[in-house]
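[1] sequence plus predicted model, see below.
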Amino acid sequence: MRQRTNIDVDFQGFAAAIERTQLAKVAKGVSMLAAAHGNRVTGLKLGKPQGWISKMRTIAKAVDLPGSVAGLLVVRGGVRDVEIAYYVALIERKSRQKAREVAANIANETRQSVKRIYATLKPSR
């Protein structure tokens, strides 16, 4: 069982800051909150679904991973959309080369296009 820490967090202030902060910083902040309080509580307090919290944690991991294609895209501001950043991180887990190709063409990518690319990399069941 996860041990809860007694952190005095202004969740409403943090939720308001989400909309105007760089994605990398938001992802790391959300990841830290979720590590301390869990995805469910963090999602409830921020008014975000647990899936969004999980995506932010995936993005934060990519940002922390040295040389990560997805992490560099997010840190440098090349991607501001949570869905696109999340799928680029997932693509990179399957194929670093494919993630580089997506990154090279990021200005032309959409949520649907990166989801399609990821789907083609998934092993068939």
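    Ah, there it is.

[2] pretty sure residue 40 contacts residue 51?
    No: applying CB atoms under 8 Å as the test, residue 40 and residue 51 come out as separate, 11.4 Å apart. The way it works is simple: take the backbone N, C-alpha and C, and place the C-beta from them, glycine included.

[3] can I assume residue 31 is in contact with residue 55?
    No: between residue 31 and residue 55 no contact is recorded; they are 10.5 Å apart, counting by CB under 8 Å.

[4] neighbours of residue 76, how many?
    10 (other CB atoms under 10 Å).

[5] got the phi/psi numbers for it?
    phi -80, psi 0 (degrees, to the nearest 10).

[6] the one 3 residues further on now?
    Per-residue torsions, residue 79: phi -130, psi 130 (degrees, to the nearest 10).

[7] didn't it look like it was pressed against residue 73?
    Yes: counting by CB under 8 Å, residue 79 does reach residue 73; the two are 4.6 Å apart.
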